[in-house]
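Undergrad: What follows is a predicted protein model with its sequence.
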Amino acid sequence: MSDHGGPGHGLAARVRHVEALLERHGLVDATELDRALEAFLSRASPANGARVVARAWLDEGFRARLLADASAALPELGLSMGGGIQEQRLKVVANTETTHNVIVCTLCSCYPISLLGPSPTWYKSESYRSRVVRDPRGVLREFGCMPGPDVEITVWDATAESRYMVLPRRPAGTAGHSEAELAGLVTRNGLIGVADV
Amino acid sequence: MSRINDVGGMEGFPLAGQELNEPPFHADWEAHVFAMNAALIRRGCYNLDEFRDAIERMPPQQYLAASYYERWFHAITALLVEKGVLTAQEVSGD
Amino acid sequence: MTERFRPGDRVLTSRADPVHHTRLPRYARGAAGTVLELEGRYPLPDDRSRGLPAEPEPVYAVRFRAAELFGAGDHQVTLALWESYLRPLPEEAARGE
């Protein structure tokens, strides 16, 4: 990562300045910041969500436990929602033949970052946040996702401490796939609900 | 008094495109703002609700013009000054 | 503290227009919804953001029909709402459905 010129350039210097001030005041430690960042980025990514989904597709018991209490089920895969500022409750919502779920945080950008890493920029945009609660079908269509007319769309607005993740439907023609192959089919967009998988 | 962040159901925002293979942060400073916020909250300088509140109190035009982590940085510095941790002068570097 | 609402209860969200930080979006004010489940107990952000003492209170997943929120749409929107944002739906309105 480098700091390009342009609008962000002045910001880089201002951020460095404030960080240096905070260090001088003994409130942050630059080395510790780097270490925490490194740890977070290595631990949190959409691949974690993909693993959870693949396991749920293969193991009915895990799927049931996941839907009942996702935070409690994560450790079965060596995963957790901890490591962030405050541990949030994960709620996994399953797509079915008649229901398609999509996640948003209209008020800011809440997202299960401890598990999946930072959200995509479009998820944080005013455009997405304003439109998906009002016209989810229109927004999904723009992402190339078109649930059928008998499929009801449920939008989850992360207004409190729960962080939501979609359990997409297992694609047809995947019988005999290994767990790793199944995980490879799951995209971040599928976990947010703007893609089928 | 709804704030500018409360956009659910609002009309007229420009579409945001998807970036292929988007990195977690687009610049070092963004990552540092992210880490700084976590450290300051853990330290008890302010809480997460105060942080969200500080973002929401940005004047609407400033909020909309600012990128995501610019908003975070604005909130962090505003809170640090409001709470007397840093002075406005220190922050602006005068 | 025991929670005021149970899954299946019909609730009405506050119409209040607070001057402070809140986590009830404008689009969901004064709307009738159905409680899905208790999500947990957390201190009210309206108070925490102002440095006021805040004991944990129940937060519920509450489902609303799009038509109720926007007057149009065939989808549903589920929000996670603090008990302080909710009232029982008046029985007359509930009976009329």
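TA: Nice, thanks for sending it over.

Undergrad: In chain C, where is pLDDT below threshold?
TA: Applying pLDDT under 70 to chain C flags residues C:1, C:92-97.

Undergrad: What helices and strands are in contact with the strand ranked longest in it?
TA: Ordering each strand of chain C by length in residues (DSSP state E) puts strand C:32-43 first. Packing partners of strand C:32-43 (3 or more CB pairs under 8 Å, 6 or more residues apart in numbering or on different chains; DSSP states H and E): strand A:89-94, strand C:10-13, strand C:56-65, strand C:76-82. Where C-beta positions appear, they are placed from N, C-alpha and C, glycine not excepted.

Undergrad: could you redo the last one with a cut-off of 6 Å?
TA: strand C:10-13, strand C:56-65 (3 or more CB pairs under 6 Å, 6 or more residues apart in numbering or on different chains; DSSP states H and E).

Undergrad: quick one: contacts of the following helix or strand past that strand?
TA: Going down the chain from strand C:32-43, the next helix or strand is helix C:45-48, by DSSP states H and E. For helix C:45-48, the external contacting residues (CB atoms under 6 Å, 6 or more residues apart in numbering or on different chains) are B:47, B:49, C:20, C:22-23, C:54.

Undergrad: Buried subset of the residues you listed, written for ChimeraX?
TA: Typed into ChimeraX, the line below selects the buried ones among these, using 16 or more other CB atoms under 10 Å in any protein chain shown:
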select /B:47,49 /C:22,23,54
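
Undergrad: May I see the contacts of helix C:45-48 organised as TSV, with distance to chain A added?
TA: Output for those, formatted as TSV (distance: CB to the nearest CB, whole Å):
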residue	distance to chain A
B:47	9
B:49	11
C:20	14
C:22	9
C:23	5
C:54	13
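
Undergrad: Could you identify the most distant pair in the contacts of helix C:45-48?
TA: Greatest spatial distance among the contacts of helix C:45-48 (CB to CB): B:47 and C:22, at 15.3 Å.

Undergrad: where does residue 48 fall, phi/psi-wise?
TA: As the question left the chain open, I've gone with chain A. Dihedral pair for residue A:48: phi -60, psi -50, per degrees, to the nearest 10.

Undergrad: my question was about chain B
TA: Note on residue B:48: backbone dihedrals following degrees, to the nearest 10 are phi -60, psi -40.

Undergrad: got a pLDDT number for it?
TA: The model reports residue B:48 with a pLDDT of 97.

Undergrad: Report the residue ranges of every domain in chain A.
TA: According to automatic domain parsing, chain A is divided into the following domains: A:7-41, A:46-192.

Undergrad: which residues touch residue A:128?
TA: Each residue near residue A:128 by CB under 6 Å, 6+ apart is listed here: residue A:122.

Undergrad: If we use 7 Å, what do you get?
TA: A:104, A:122, A:139, B:16 (CB atoms under 7 Å, 6 or more residues apart in numbering or on different chains).

Undergrad: helix/strand/coil for it?
TA: Following DSSP: H, G, I helix; E, B strand; the rest coil, the label given to residue A:128 is helix.

Undergrad: That one and residue B:68, how far apart?
TA: Per CB to CB, to the nearest Å, residue A:128 is found 12 Å from residue B:68.

Undergrad: for residue C:50, same thing?
TA: 25 Å.

Undergrad: any idea which element the residue nearest in space to the middle of chain B lies in?
TA: Centroid-nearest residue in chain B: residue B:72, 1.7 Å away (criterion: CA atoms, centre = their mean). Using DSSP H and E, residue B:72 maps to helix B:68-82.

Undergrad: Check the gap between the residue lying closest to residue C:18 once chain neighbours are set aside and residue B:37 for me.
TA: Spatial nearest neighbour of residue C:18, chain neighbours left out: residue C:46 (6.6 Å); criterion: CB to CB, 6 or more residues apart in numbering or on different chains. Note on residue C:46: its distance to residue B:37, by CB to CB, is 21 Å.
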